[in-house]
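1. I would like to see how this sequence folds:
(one chain, ligands or ions: 1)
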Amino acid sequence: MIIVMFGPPGAGKGTQGARIVQWLGIPKISTGEMFRDLAAAGTPLGLEARNYWSAGQLVPDEIVVGLVKERIAAPDCRSGFILDGFPRTVTQAETLDGMLAGQGSALDVVLNFEVDKQELVRRLSGRRTCPNCGATYHVDALPPQRENLCDHCGHTLARRADDSPESIITRLEEYRGKTAPLLAYYEQRGLLRTIEANDDPDSVFGRVRQVLEEVGRGQGGRR
Ligand code: AP5
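-> Alright, predicted model coming up:
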């Protein structure tokens, strides 16, 4: 199954994507994580992209699509994958359709996570991530067992560079202006499934499972 996780910053795409990985055993491809890893490794492309994302702006399409094209061609994507944070513009969506058609496949579903703006800001302001293994926490909703230490690897947690109040405002504006128009694109193609995602992660995942099971049944049980 090929799944797109769609929604504004802080909607829970990464959190729910990690649960789908556990459940379906297919890889999750997060363009945001790819950019953070490339910046941490100090590659020229990673440093160029950081100028955009650290300020909350979208990274130019030509940089993003090259990375995704290479990643989805990898052998572990043959049984399906989850795209988290891609596509984010109509150009990216059209390019993705072309890439998949070239591989003889197509998107199965776009999960659109809907969350109130006030809750988005609360989630992003309280998010803490592990710079070592990438695990995500929230100071109130999903705290680590030991204060400010990762449950998985024990590393000290940090706040993402783009979770500053100024970057959060820019990211929400970028979403509204450049990414939200994609909702109509996927609605027209019959791929959009909207999930009410204001409440706790377990309840939201219950809805995600229900939708994916319906999509799977529509495909005759194919995952
Ligand atoms: P990216 O890393 O994709 O960030 P984002 O889209 O802004 O999304 P987030 O990771 O902030 O939020 P999320 O929806 O995954 O929520 P999460 O699960 O973490 O991209 C970063 C940047 O890279 C972009 O701004 C852009 O510059 C660039 N970029 C990436 N892809 C690009 C592309 N295709 N084109 C151009 N540029 C691109 O949850 C958030 C918090 O809430 C966490 O603390 C979590 O614990 C908590 N939480 C989650 N669910 C719940 C819940 N149900 N109840 C309570 N708390 C919850």
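2. Point out the residues in the protein that sit beside the ligand.
-> 7, 9-15, 30-32, 35, 52-53, 56-59, 64, 85-86, 88, 92, 123-124, 127, 136-138, 141-142, 162, 171, 200-201, 204 (Cβ under 6 Å from any ligand atom). C-beta: built from backbone N, CA, C; applies to glycine.
3. Show only the entries of the residues you listed found in helices.
-> The helices, defined by DSSP state H, take in 13-15, 31-32, 35, 52-53, 64, 92, 123-124, 171, 201, 204 from the residues of the chain next to the ligand.
4. Among those residues, find me the one that's closest to the ligand.
-> Within these, the smallest distance to the ligand is 1.9 Å, found for residue 32 (Cβ to the nearest ligand atom).
5. per-residue confidence at the nearest residue to that closest one once chain neighbours are set aside?
-> Nearest residue to residue 32, sequence neighbours excluded (Cβ to Cβ, 6 or more residues apart in numbering): residue 85, at 4.8 Å. Looking at residue 85, its pLDDT reads 97.
6. repeat for residue 68
-> 97.
7. neighbours around it, how many?
-> 19 (other Cβ atoms under 10 Å).
8. Cross-check the contact I'm expecting between it and residue 99.
-> Yes: between residue 68 and residue 99 a contact is recorded at 7.4 Å, counting by Cβ atoms under 8 Å.
9. where does the chain have its least confident helix or strand?
-> Using mean pLDDT, DSSP states H and E, strand 136-138 stands out as the lowest-scoring helix or strand of the chain, at a mean of 92.
10. Report the spatially nearest residue to the spatially most central residue of the chain, omitting neighbours in sequence.
-> Centroid check for the chain by Cα atoms, centre = their mean gives residue 84 as the closest residue, at 2.5 Å. Excluding the flanking residues, the one nearest residue 84 by Cβ to Cβ, 6+ apart is residue 30, at 4.1 Å.
11. and residue 124, what does it touch?
-> 9-10, 163, 168, 171 (Cβ atoms under 8 Å, 6 or more residues apart in numbering).
12. For the ligand, state which of those residues is nearest.
-> residue 9 (3.0 Å).
13. neighbours around that closest one, how many?
-> Residues near residue 9, counting by other Cβ under 10 Å: 24.
14. from memory the residue nearest to the centre of the chain sits against residue 32, does it?
-> Yes: checked against Cβ under 8 Å, the pair residue 84 and residue 32 is within contact range at 7.5 Å.
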